[in-house]
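Trainee: Build me a model from this:
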Amino acid sequence: MSIKTLFKHASSVVCAGLLSVSIQLHAGSGDNEAPDFTLKSNSGENLRLAEQRGDVVLLNFWASWCGPCRQEMPHLNELQARYEALGLKVYGVNVDESSAEAERAIKSLKIAFPVLFDNSNTVAKLFDIDAMPTTVIIDKNGNMRYLHRGYKSGYENTYDKQVVSLIRE
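Mentor: Residues are numbered from 1 along each chain as shown. Model prediction:
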């Protein structure tokens, strides 16, 4: 193995380790309260995040034009179905400029969980969203514990483990 290859592998391991450490530190720092907001849902009701305390909340920021967002939706449906009775609430936060585009995507993707409309990106800015999709997992006390930018197949297994650990707390 060449020095260059060895260095690449070593730097990958170090980066992965730093990432997991920062997630652990971030999760335990205590000053990561999720910003409160109120948005209208696809059922027409207003939803306020602060009123969800006591449950684990998964917020998935997405757009109808985003391929990885569309790919992730069936997995989020499954997660909601599996853990809803144990205290998980999944909410999609759609950032399309038009709610009509979002409604078409909700129907075609058969999204079973509530979708909140953030047409002006006000809530996305509160959460500093800079990638689609972005998933934020919030604990029962309203603290942001996990943040996932983007989506790759297999992330749903990570979500599953993180949700279960927060439900058990």
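Trainee: can we go C-alpha only for contacts and neighbour counts from here?
Mentor: Will do.
Trainee: list the contacts for the closest residue to residue 143 other than its chain neighbours?
Mentor: In space, residue 143 comes closest to residue 33 once its chain neighbours are excluded; the distance is 4.2 Å by Cα to Cα, 6 or more residues apart in numbering. Going by Cα atoms under 8 Å, 6 or more residues apart in numbering, residue 33 touches 142-144.
Trainee: and with 10 Å instead?
Mentor: 138-139, 141-145 (Cα atoms under 10 Å, 6 or more residues apart in numbering).
Trainee: Could you measure from it over to residue 88?
Mentor: 18 Å (Cα to Cα, to the nearest Å).
Trainee: Residue 133 too?
Mentor: From residue 133 to residue 88 the distance is 19 Å (Cα to Cα).
Trainee: the domain parsing of the chain - what is it?
Mentor: The chain breaks down by automatic domain parsing into domains covering 1-31, 32-168.
Trainee: Now do the shortest one, average pLDDT.
Mentor: When pLDDT is averaged over domain 1-31, the result is 39.
Trainee: Now do the helices in the protein.
Mentor: 3-28, 67-83, 99-109, 122-126, 155-168 (DSSP state H).
Trainee: Give me the helices and strands touching the last one, please.
Mentor: The one in question is helix 155-168. Applying 3 or more Cα pairs under 10 Å, 6 or more residues apart in numbering; DSSP states H and E, one finds that helix 155-168 makes contact with strand 56-62, helix 67-83, strand 88-94, strand 134-138, strand 144-149.
Trainee: okay if I get those as TSV plus mean pLDDT, mean neighbour count and distance to residue 111?
Mentor: Shown next, in TSV, are these (pLDDT from 0 to 100; neighbours: other Cα atoms under 10 Å; distance: least, Cα to Cα, whole Å):
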stretch	mean pLDDT	mean neighbour count	distance to residue 111
strand 56-62	99	25	12
helix 67-83	97	17	7
strand 88-94	99	24	9
strand 134-138	98	23	16
strand 144-149	97	18	20
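Trainee: can you redo those as TSV with distance to residue 104?
Mentor: Shown next, in TSV, are these (distance: least, Cα to Cα, whole Å):
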stretch	distance to residue 104
strand 56-62	14
helix 67-83	12
strand 88-94	12
strand 134-138	21
strand 144-149	24
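Trainee: Those: which one's closest to residue 39?
Mentor: strand 88-94 (8.8 Å; Cα to Cα).
Trainee: ok, and the closest non-adjacent residue to residue 105?
Mentor: Residue 105 sits nearest to residue 64 (Cα to Cα, 6+ apart), 5.8 Å away.
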